[in-house]
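Q: Here is a sequence together with a model predicted from it:
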Amino acid sequence: MVFERFVEIGRVAYIAYGPEKGKLAVIVDVIDQNRALIDGPCSGVLRRDTNFKALHLTPFTIGIGNSARSGTVRKAWEKAEITKKWNETTWAKKIASKERRAELTDFERFKLMKAKQARNRLVNVEYGKLMKKARKATPKPKRLRKKKSKK
């Protein structure tokens, strides 16, 4: 099957834009083909309807019923340890990294640049050594000379 993540009750979703951008919420109910009722009691998202276009589905689901109350959602969220699982994903780490980079001061950006330069210098020196060693190890092939024909 091509798709692995479906819009379903209990699916945890990342809110991509809107007033709650960057938070996680759970799909509590599907209103119609364009909107869902979401709730995120553990992430600070109030219960409201949202367009599916604003949601990115995560691989996590929790076991809740149709139109479950906020307390039920909170208990299921904590039982499934969604916040812990989310923080371990590469998706969350990338988002945290972007946020950290956006908060860098000029001096921190300068230090980062210098650290990258030092790392790249070390990599290039080692690469040069390996290339030199490889050139010495393989002998150059002898060229075949064309015999001159006497006329």
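A: Cool, got the structure.
Q: In space, what's closest to Lys21 - neighbours in sequence excluded?
A: Ile15 (5.8 Å; Cβ to Cβ, 6 or more residues apart in numbering). Every C-beta, even on glycine, is put in place using the N, C-alpha and C of the backbone.
Q: Quick one: neighbours of the one you found, just the number.
A: As a burial measure, Ile15 scores 20 neighbours (other Cβ atoms under 10 Å).
Q: Was I right to think it contacts Val26?
A: No: Ile15 is beyond contact range of Val26, at 11.2 Å (criterion: Cβ atoms under 8 Å).
Q: Now for these two: what residues contact both?
A: Ile38 (Cβ atoms under 8 Å, 6 or more residues apart in numbering).
Q: Now the lengthiest helix in the chain: average pLDDT?
A: As assigned by DSSP state H, the longest helix anywhere in the chain is helix 106-137. For helix 106-137, the mean pLDDT works out to 96.
Q: Repeat that for stretch 11-30.
A: 95.
Q: quick revisit: ok, now how distant is the residue nearest to Lys21 from Gly44?
A: Applying Cβ to Cβ, to the nearest Å, the value for Ile15 to Gly44 is 11 Å.
Q: Now do the shared contacts for these two.
A: Shared contacts of Ile15 and Gly44, counting by Cβ under 8 Å, 6+ apart, come down to Lys23.
Q: Check this protein and tell me which residue is nearest its centre.
A: Trp91 (2.5 Å; Cα atoms, centre = their mean).
Q: residues in contact with that residue?
A: Contacts of Trp91 (Cβ under 8 Å, 6+ apart): Tyr14, Thr58.
Q: in which helix or strand would I find it?
A: If you go by DSSP states H and E, Trp91 is part of helix 90-102.
Q: Going by neighbour count, list what's buried in that helix.
A: Ala92 (16 or more other Cβ atoms under 10 Å).
Q: Distance from it to the middle of the chain?
A: Counting by Cα atoms, centre = their mean, to the nearest Å, helix 90-102 is centred 8 Å from the centre of its parent chain.
Q: Thank you, goodbye.
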